[in-house]
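Participant: pasted the sequence and its predicted model underneath.
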Amino acid sequence: MKKLFSSPNKIKNYKERCENSRKGFSLFELIIYIAILSGLMVISSNMFISLSKGHGQSSAKVEVNSAIRFATEILRQDIKNASIVSVPIAVGSDDTLTLTRGGNVIIYDVLGGSLRRKEGDSAAVSLTGPDISVGTPSFTRIENKNLIFNTTNVGIKAEMIFSYNSTSPDWNYSATLKTTTNLMADGVLSFIGSPISENNLIAETGLKSVATDWSSYDNVYINDGVTVTFESGSHDLGAANLVVNNGGEIIALSSSQIATGATGVTITTTGNITVAAGGHINADSQGYLGAIDNPDPGYGPGGGTYAYWGGGGGSHGGQGGKNTDGGAKASLYGDESSPVLLGSGGGSSIGYCGAPSSGGAGGGAIKLVANVLTNNGTISANATSGEKLGGAGAGGSIWVDVNNLTGSNSGVFSSSGGNLIYITDADERCTGSGGGGGRISLNSSGTDTYAGSIIVAGGDGSQGGEAGTIVRNVTNPGNVIIASGTVTWTRGSHTFNNFTVNAGATLTTGVAQGKSRSIVGNGLGGGATTNYFGASGAGHGGVGGVAQYGGSLAGGISYKSNGLQVSEPTDLGSGGGGAKASNSSGGYGAGAIKIITIGDLINNGNISADGGGTNTSGNLAGGGSGGSLWFVVGGVLSSTNGTFSAKGGAANLANGESRGGGAGGRISFSYGSTSFSGHIITVAGGLGDPSTNPLFNGGDGTINGL
């Protein structure tokens, strides 16, 4: 047997070590350990307190600065567009501001820490939320004499302190609102122009009041770098020709952005109006204001609704997207043939995913009456996006009443809803909804040869806004050529003598159905969702492809809004299902095109209404479905190597997850005779993922008449 210990000394040493190990820490060692532990606890506690304080100050800073930006914008708009400031009446300061804008008296004051705005007989409205306290304001009147033109320019300097309401010192934050704004119209001479001859005027930057008379001139030029602001009301130019050159701009104000029945600008001349390429007549963001940071709808008859998550879009000619709490969409209003109303504002959000957010403003209103209107530039009444989670505004109104309408491919008429782009995370509810499109009416008693864009698109967002309305009344159709580039006609009926789209040029209707995020796709056959992975494709002429992630998810249904859709298709395609993962948006549904010719239709290019795919990296959503093509040809329907297509959109085929492709749409033909060579007619469904399984592919659509 082997010995464990070879000597008595070794046994003794071993016993001593065992006894020492049972004694534990010495008093000195224990004191050292306690001191180290206490130090670590103090450091950790200070770090936690510092982080908490930093978070509080950061949040308070966001709230205060957001409130300052909103109040500054409202103040600047009212002061700039005021005809007179009655308080303060003389050079000096006051704690209230009283001005007149569009015939309405507006008063600013602070009561109980809240900055208030009162317009006319309406009750005062708070411009700040309950978390913000405003100190005593100072409104200072500034006057500058122009001795050359014997005029006085009036400005207002506004200054006040905004603070976050909190008893905790960790949430203390204050900042000062400081802004100085000049009145654009004050006194008798509110607009300055330089006559270049007895019969011609070169306009200078300033405000044109209704009383300013340009009727004595033959020509009025608004040149590069010049912005002329027209106050609301009717401006009769007599027989003067109005020319807005490249870089020149007319801004069309509204009488109010809050009061019911507010009006825009009408410009009338028996002469001509010309907007050159790069010129702009602009009523953008001049419509009803969006709601401020509290549970209110946007201003206007179609104001977007308030939501806890994301505000609803404003409505006008098209409905804005519903808010992300699932509330109803705001109502449509206005006359599509003679539109004169402002677009409505978007709804607010309490800010679950971020700071409380205001809605966007709608577009204003412009009416142009002339002998000949030539639009090679831009005439617009677009809305703006909401702030962060607020809903976007709706497009406004453009009404053209002329003898002859003309313009090249560079021309644009636009009255579109605002877009929302703010996303805090992969949850679609952390984004407001898009605004509805506005209304455009183009009326010509003579000839219409306008070949530019006409856009009333709905805005994008958590819920997309719907397109607005386009009316194009033509007494004597002309010959129209899309010579180059891309021209957009969102919707409407367009009549011509001869119509040509040259090689390399594109005519598009733009987006027909909005995207979706982790919700059922828009439209009658919208794709479904699994919330986080694998959404299905949209249906139309066929059934959308399925999705299968933890269980089978049916594709969008095949649908017909009436029994004639196979032979007379007019239905739009539907949007594919969305998915939260990677903030994946479903593919757009395609639009609908009907072409009627008394003579021949020659297609040697591509006429298509294809659904949108989701072939972007990381996209887990379903494809959109094809739309509708309907051809009624009195003469010969011919095509040499041309394409007629209403395909479904493909799903992303690179992720290895399960998602469905969009179904094909519908195409129908009627004609006197045909002459085809090398042509393609397709309504194929989009491929799903995996494409090797036919259940994931969108179904084919329908073809009628061939």
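Facilitator: The structure has been received and is ready for your questions. All values reported here derive from a predicted model rather than from experimental measurement. Numbers count the residues shown, from 1 in each chain.
Participant: pretty sure Ser574 sits against Gly589.
Facilitator: Yes. Assessed by Cβ atoms under 8 Å, Ser574 is found in contact with Gly589 at 4.4 Å. Backbone N, C-alpha and C define where each C-beta goes, glycine included.
Participant: strands of the stretch 151-300 of the chain, start to end?
Facilitator: Taking DSSP state E, counting those that start in this stretch as the test, the strands found in the stretch 151-300 of the chain are 151-164, 174-182, 193-197, 200-203, 206-208, 219-222, 227-230, 233-236, 241-244, 249-252, 265-268, 273-275, 280-282.
Participant: out of the ones you listed, which gets the lowest mean score?
Facilitator: Looking at the strands of the stretch 151-300 of the chain, the lowest mean pLDDT belongs to strand 193-197 (a mean of 52).
Participant: am I right that Ile398 sits in a helix?
Facilitator: No. Using DSSP: H, G, I helix; E, B strand; the rest coil, the assignment for Ile398 is strand, not a helix.
Participant: separation between it and Ser138?
Facilitator: Ile398 is 41 Å from Ser138, where distance means Cβ to Cβ, to the nearest Å.
Participant: which of these two has more neighbours?
Facilitator: The neighbour count for Ile398 versus Ser138, taken as other Cβ atoms under 10 Å, is higher for Ile398 (30 against 15).
Participant: contacting residues around the more buried one?
Facilitator: 283, 339, 365-367, 379-381, 413, 415, 438-441 (Cβ atoms under 8 Å, 6 or more residues apart in numbering).
Participant: again, only this time at 6 Å
Facilitator: By Cβ atoms under 6 Å, 6 or more residues apart in numbering, Ile398 lies in contact with Ile366, Ala381, Phe413, Ser415, Ile440.
Participant: tell me the contacts of Thr263?
Facilitator: By Cβ under 6 Å, 6+ apart, the residues touching Thr263 are Ser232, Ser255.
Participant: ugh, typo on my part, it should be Ala592
Facilitator: Counted by Cβ under 6 Å, 6+ apart, Ala592 has contacts Thr570, Leu572, Gly627, Ser628.
Participant: give me the neighbour count for the closest residue to it other than its chain neighbours.
Facilitator: Excluding its sequence neighbours, the residue lying closest to Ala592 (Cβ to Cβ, 6 or more residues apart in numbering) is Ser628, at 4.0 Å. Residue crowding around Ser628 was assessed by other Cβ under 10 Å; the count is 26.
Participant: could you break this protein into its assigned domains?
Facilitator: Taking automatic domain parsing as the domain assignment, the ranges for the chain are 52-182, 254-510, 516-706.
Participant: those: which one's closest to Asn199?
Facilitator: Among the domains of the chain, the nearest to Asn199 by Cβ to Cβ is domain 254-510 (11.8 Å).
Participant: same question for stretch 566-575: list its buried residues.
Facilitator: Buried residues in stretch 566-575, defined by neighbour count with 16 or more other Cβ atoms under 10 Å: Val566, Glu568, Pro569, Thr570, Asp571, Leu572, Gly573, Ser574, Gly575.
Participant: specify the local secondary structure of the third one.
Facilitator: On the three-state scheme (three-state DSSP), Pro569 is labelled coil.
Participant: could you do the last one as well?
Facilitator: The assignment at Gly575 comes out as coil when based on three-state DSSP.
Participant: do you know how far the closest residue to Lys178 other than its chain neighbours is from Leu183?
Facilitator: Ranked by Cβ to Cβ, 6+ apart and with sequence neighbours excluded, the top spatial neighbour of Lys178 is Glu159, at 5.2 Å. Here the criterion is Cβ to Cβ. By it, Glu159 lies 18 Å from Leu183.
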